[in-house]
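Undergrad: pasted the sequence and its predicted model underneath.
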Amino acid sequence: MYRDNYIKALRSELLEMVAEHLTPVAMHYGYSDAPLETTIKWRPQVLLLGNYSSGKSTLINDFLGANIQKTGQAPTDDSFTVITYDDGREAGDTVQVTEERDGKFLLNDPEYPFETLKKHGQRFSSHFKLKKVNSPFLKNLALIDTPGMLDSISERDRGYNYQEVIGDLAQIADLVLVLFDPHKAGTVREAHTSLRDTLPARTFEDRVLFVLNRIDECASMIDLLRVYGTLCWNLSQITGRKDIPMIHLTYSPQDASLSVREGDNSYLQYLQNQREELKNAVLQAPCYRLDNLASFVETHGERLAHFLEALISYRKRARKFRLKSFFSSFAISLLIGAGVFVLTLTAPPLSGLDMTAKIACGAGGALALLGLWGISVHRFLFKRFHKKTLKKMDLLTALKTQTRRDSWESIRNLVYGHLKNTRGKYSLRDVRYEYSAVWKVYEKGSQEIREALRELSDLTPDEEEEFFKVRLGLTEEDPDQDAQISPHLQ
Ligand SMILES: Nc1nc2c(ncn2[C@@H]2O[C@H](COP(=O)(O)OP(=O)(O)OP(=O)(O)O)[C@@H](O)[C@H]2O)c(=O)[nH]1
Ligand SMILES: [Mg+2]
């Protein structure tokens, strides 16, 4: 309870920071069309992927404690189903669907983070739905069941781009479960490539759990080892890594006891069904969410700061150019002024003028040139400077590390567009102010969340209660009070 409240408090604190400091900048400069917090403000989400009939829906039903999702041999479900808690109702004795909504609602209601999926079109929308279920399992997270992957059906047949939808959902999700079953342990490429392409590399390993399901269906222990070996080989081929990710071995006890097999599955008694372990890992999704939020703030904070940094760098260069231009014009004006003055001393009609008039002629010549410079020459030269700078945009920023190069790649066009549209005319003071706000969130926000996460993972059960009470500022008499503020982030 205390832990949940503490995590909630940290989460809302971070969301507030994003909404207050990153979103205004992101929207002002066209970095994002919708508020940045749109995709992260909803509850933590767990995405279940896998081949058809790998047991995704059965696993979800096990988690929820009721038959909420349809199950069956052969491809059963061709919909993406978001399963969430019904906040309007108390968890009842009978777990059941309390409300169902269609894809149109899910994609358009601003409460949900799926607005970005609208781009996948009508066919996708009709295969997307929401189920509210009063299962206590969903109190702090939502599950997303997906249609199974089919080797024989191409993406065109589905009417929408399945891989891209999976990629978008994986980006929003905090935890992704990828299920395999013994019959199709070799067909992992489709799942993996779409994940690899979309999840940020640094969080990939932490956010994906591999599950070998239906292990009760192996004919013998040897058969199971063969299947496990095949899956490991395939995964390592795709990841290009020698170390094998942890693979959870599970089966549905009901199905295992129902199924009549010719083979010998007595080997199951030597294996622990990791179903419970998997359930606990899924229940940790709110913690993953914090970690993902920290990464989210880091990624967008870094990019926005990089963007503003480039604008500041441009203005500094422009200022240098103006100073140079001014001093050049000043020096040339002085020369011209001196030239005119000398002319008045030597040229016959002018040499007759008195000294004051001669000085006035010199000064007039100098001033005329200064004016001319300001009106046309400087403008012409500045246009050239602007064009040249846009052509060599990469000089606006230092790109020493790969992270910097990646972040530059993602904002380069935006910087170009902004400089082109404004012709370099914007307030340096405002940009500097925005930069310092963004930088503060980037540095302080994510660092403090990570520190809080480290503290959370180091806590022993004895220390927990005291720790959360202090952090949440709760009194003895008021244990149910929701967290108001997190002193950690003040
Ligand atoms: N023996 C056995 N059967 C299982 C297990 N898990 C699921 N099944 C059965 O396998 C069939 C497919 O399960 P589903 O849960 O519908 O699989 P799915 O991955 O949701 O399938 P699609 O929605 O079609 O992609 C069902 O008949 C289940 O009863 C298991 O661990 N062992
Ligand atoms: Mg299913």
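TA: Looks like it came in fine. Ligands and ions are numbered 1, 2, ... in the order given.
Undergrad: phi and psi next, for the residue of the stretch 51-200 of the chain found nearest ligand 1.
TA: For the stretch 51-200 of the chain and ligand 1, the shortest gap (C-beta to the nearest ligand atom) falls at residue 148, measuring 2.4 Å. Where you see a C-beta, it was placed from the backbone N, CA and C, and this is true even at glycine. Phi and psi for residue 148, reported as degrees, to the nearest 10, are phi -70, psi 160.
Undergrad: check residue 271 too.
TA: Per-residue torsions, residue 271: phi -110, psi 140 (degrees, to the nearest 10).
Undergrad: distance check, the nearest residue to residue 138 once chain neighbours are set aside against residue 65.
TA: Spatially, and ignoring its direct neighbours in sequence, residue 138 is nearest to residue 85 (3.8 Å; C-beta to C-beta, 6 or more residues apart in numbering). With the distance defined as C-beta to C-beta, to the nearest Å, residue 85 ends up 13 Å from residue 65.
Undergrad: more crowded one of the two?
TA: Just comparing residue 85 and residue 65: by other C-beta atoms under 10 Å the higher neighbour count belongs to residue 85, 20 against 13.
Undergrad: and the more buried one, how far from ligand 2?
TA: 20 Å (C-beta to the ion, to the nearest Å).
Undergrad: near ligand 2, which residues of the chain are found?
TA: Contact residues, the chain versus ligand 2 (C-beta under 5 Å from the ion): 56-57, 77.
Undergrad: out of the residues you listed, who's the most crowded?
TA: residue 56 (28 neighbours).
Undergrad: and it, what pLDDT?
TA: Per-residue confidence (pLDDT) for residue 56: 94.
Undergrad: please apply the same query to the one 10 residues further on.
TA: The model reports residue 66 with a pLDDT of 93.
Undergrad: for the stretch 51-200 of the chain, which segments are assigned as helices?
TA: 56-64, 103-108, 121-125, 155-158, 162-172, 189-198 (DSSP state H, counting those that start in this stretch).
Undergrad: ok and the residue in the stretch 201-350 of the chain nearest ligand 2?
TA: For the stretch 201-350 of the chain, the residue closest to ligand 2 is residue 213, as judged by C-beta to the ion, at 11.9 Å.
Undergrad: count of neighbours near that residue?
TA: 27.
Undergrad: can you check residue 390 too?
TA: Residue 390 has 15 neighbouring residues, counting by other C-beta under 10 Å.
Undergrad: who touches the closest residue to ligand 2 within the chain in this structure?
TA: The chain approaches ligand 2 most closely through residue 57 (3.2 Å), counting by C-beta to the ion. By C-beta atoms under 8 Å, 6 or more residues apart in numbering, the residues touching residue 57 are 69-71, 76-77, 145.
Undergrad: gap between residue 63 and residue 315?
TA: Residue 63 is 55 Å from residue 315, by C-beta to C-beta.
Undergrad: now residue 442
TA: The spacing between residue 442 and residue 315, counted by C-beta to C-beta, is 21 Å.
Undergrad: who's more crowded, the two?
TA: Set side by side, residue 442 and residue 315 show more neighbours around residue 442, with 23 against 19, by other C-beta under 10 Å.
Undergrad: got CSV for the contacts of residue 57, with distance to residue 121 and pLDDT too?
TA: What follows is the contacts of residue 57, written out as CSV (distance: C-beta to C-beta, whole Å; pLDDT from 0 to 100):
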residue, distance to residue 121, pLDDT
69, 24, 93
70, 24, 91
71, 28, 89
76, 23, 68
77, 20, 74
145, 21, 96
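Undergrad: restricted to buried residues, select those in ChimeraX.
TA: A single ChimeraX command selects the buried members of these (16 or more other C-beta atoms under 10 Å):
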select :69,71,77,145
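Undergrad: tell me which of the contacts of residue 57 is nearest to residue 113?
TA: residue 145 (16.9 Å; C-beta to C-beta).
Undergrad: so that closest one bridges to which residues?
TA: According to DSSP bridges, the residues that bridge with residue 145 are residue 48, residue 81.
Undergrad: in contact with it, which residues?
TA: Taking C-beta under 8 Å, 6+ apart, one finds 48, 56-57, 60, 69, 77, 79-81, 83 in contact with residue 145.
Undergrad: residue 324: how many residues sit nearby?
TA: 12.
Undergrad: quick check: angle from whichever strand or helix holds it to helix 162-172?
TA: If you go by DSSP states H and E, residue 324 is part of helix 285-346. Computed by axes from the mean of the first three to the mean of the last three C-alpha atoms, to 10 degrees, the angle separating helix 285-346 from helix 162-172 equals 90 degrees.
Undergrad: pull the distance from helix 285-346 to the chain's centre.
TA: From the chain centre to the centre of helix 285-346 is a distance of 30 Å (C-alpha atoms, centre = their mean, to the nearest Å).
Undergrad: also stretch 10-28?
TA: For stretch 10-28, the distance to the chain centre is 13 Å (C-alpha atoms, centre = their mean).
Undergrad: cool, and stretch 58-70?
TA: Centroid separation between stretch 58-70 and its chain, computed with C-alpha atoms, centre = their mean, is 29 Å.
Undergrad: stretch 393-401 too?
TA: Worked out by C-alpha atoms, centre = their mean, stretch 393-401 lies 23 Å from the chain centre.
Undergrad: show the pLDDT at the nearest residue to residue 63 once chain neighbours are set aside.
TA: Nearest non-adjacent residue to residue 63, counting by C-beta to C-beta, 6+ apart: residue 137, 5.2 Å away. Listed pLDDT for residue 137 reads 93.
Undergrad: what about residue 137, neighbour count?
TA: Using other C-beta under 10 Å: residue 137 sits among 21 other residues.
Undergrad: check the gap between it and residue 287 for me.
TA: Applying C-beta to C-beta, the value for residue 137 to residue 287 is 16 Å.
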